[in-house]
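Novice: coords below, sequence missing:
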């Protein structure tokens, strides 16, 4: 009888969307995977995630794309960009997005996606309350080593998906300058707002933006951003701060604020990796998602790029040089574009915002498709290793 070969071992540091996607993708390719998450549970704290056609195609690779597409709340609906008074600067539709990029844009609670990913892993593969420390990145001749309260782990591959404040990134590239403040802070809330009907929108003011979007489960996801020095906090509570900043903006913003409780509102300063890393790997360790390329949220691509990373990493593993070659140029370009968009939508000058709004309105009148061109090369991305699931489904089900 021939000896049974031992499957390669992977340890994933971090049980967020990117880390779990990598774990599922590697598991499907025959790796023995263990996920180490420092929190007591995998339940994300009150936020939604927008999945564009690029990340949905990535999820097709692990058989999850169509399940997530079915959760879209925008099918047949529309939305667009507004001014604080409520005037529409541009309008778009789910059909226009799907036609240009080959699929819908899906907004869902992060917990929904985490649950779907977790269901595709054996129960004993995920360990919570397990903060992990990278001890040795390993090399061609020795495994990487990670420690946790459970002991020490040796691995053929370590996936460092430990978030924006990644300890693994600092350990692998100690000379890198790290994070930079993006110049603005954000608030997020996911709540029911009974009796309020609205079109999905993002509203741009002077140094301030607000977004309101429906979720499939009937709740509303709202977010706001304001140019402000780092480290600022409201003198009373963050709901009161939002009322001061946005209380006189157009409907349904006042209704959303009225429905929110102070404890529903999350606030975080925005930081990003302004200087790209020299590589997304070292030794047997691959950095993924925010750990590798944290970017401002202005393109809605942070989570999408983490999902792409995960699928591409599993495709190339254990060849991490190929992973870096595939991901570093793309994520660097998208991160830089996100910074450019932040300069545009967080503009504070009265004259500058007037010119910006007039240009957007003119562009929209010239044709809705023109406004979508900013996502060309992003939302139309396709994963390696064709074909993938949605290409095998009947027409119209994408």
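Specialist: The structure has been received and is ready for your questions. Remember, it's a predicted structure, so these values are computed and weren't measured experimentally.
Novice: where exactly do the helices run in this protein?
Specialist: Ranges of helices within the chain are 17-28, 53-60, 65-69, 94-101, 110-118, 167-172, 238-246, 253-259, 290-293, 302-316, 320-345, 350-366, 368-372, based on DSSP state H.
Novice: Compare those and give me the one nearest residue 8.
Specialist: When these are compared by CB to CB, helix 17-28 sits nearest residue 8, at 8.7 Å. Backbone N, C-alpha and C define where each C-beta goes, glycine included.
Novice: okay, and for this structure, where does confidence drop off?
Specialist: 1-4, 46, 73-77, 367-371, 386-398 (pLDDT under 70).
Novice: Quick test: name the residue nearest the centre of it.
Specialist: residue 303 (1.7 Å; CA atoms, centre = their mean).
Novice: follow-up on the earlier one: quick one: closest of the helices of the chain to residue 273.
Specialist: The nearest among the helices of the chain, by CB to CB, is helix 290-293 at 5.7 Å.
Novice: Touching the closest one from outside, list them.
Specialist: 14, 18, 160-164, 166, 168-169, 273, 276-277, 280, 302, 305-306, 309, 327, 331-332, 335 (CB atoms under 8 Å, 6 or more residues apart in numbering).
Novice: Buried members of these into ChimeraX, please.
Specialist: Those of the contacts of helix 290-293 that count as buried under 16 or more other CB atoms under 10 Å are selected in ChimeraX with:
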select :14,18,160,161,162,163,164,166,168,169,273,276,277,280,302,305,306,309,327,331,332,335
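Novice: can you pull the buried residues of the biggest strand by length in the chain?
Specialist: Using DSSP state E to define each element, the chain has its longest strand at strand 180-191. Residues of strand 180-191 classed as buried: 182-190 (neighbour count, 16+ other CB under 10 Å).
Novice: Check stretch 206-225 too.
Specialist: 207-216, 219-225.
Novice: can you give me how far it is from the chain middle?
Specialist: 15 Å (CA atoms, centre = their mean, to the nearest Å).
Novice: Any idea how far apart the tips of it sit?
Specialist: 11 Å (CA to CA, to the nearest Å).
Novice: Surely the residue nearest to the centre of the chain touches residue 19?
Specialist: No: contact between residue 303 and residue 19 fails when scored by CB atoms under 8 Å: they sit 11.7 Å apart.
Novice: how close does residue 235 get to residue 241?
Specialist: Note on residue 235: its distance to residue 241, by CB to CB, to the nearest Å, is 8 Å.
Novice: Please apply the same query to residue 261.
Specialist: From residue 261 to residue 241 the distance is 14 Å (CB to CB).
Novice: And the strands in the stretch 101-250 of the chain?
Specialist: 106-109, 126-127, 133-136, 144-148, 151-155, 157-160, 180-191, 200-204, 208-214, 220-227 (DSSP state E, counting those that start in this stretch).
Novice: Please name the strands paired to the third one in the sheet, noting orientation.
Specialist: What it means is strand 133-136. Strand pairing for strand 133-136, using DSSP bridges, gives strand 144-148 (antiparallel).
Novice: what about the strand it pairs with, distance to the chain center?
Specialist: 27 Å.
Novice: so that strand versus strand 151-155, what angle?
Specialist: Counting by axes from the mean of the first three to the mean of the last three CA atoms, to 10 degrees, strand 144-148 lies at 150 degrees to strand 151-155.
Novice: that older thread, to residue 35, which of the strands of the stretch 101-250 of the chain lies closest?
Specialist: Using CB to CB, those put strand 126-127 closest to residue 35, at 4.5 Å.
Novice: Remind me what that closest one packs against, helices and strands.
Specialist: For strand 126-127, the elements it packs on are strand 32-36, judged by 3 or more CB pairs under 8 Å, 6 or more residues apart in numbering; DSSP states H and E.
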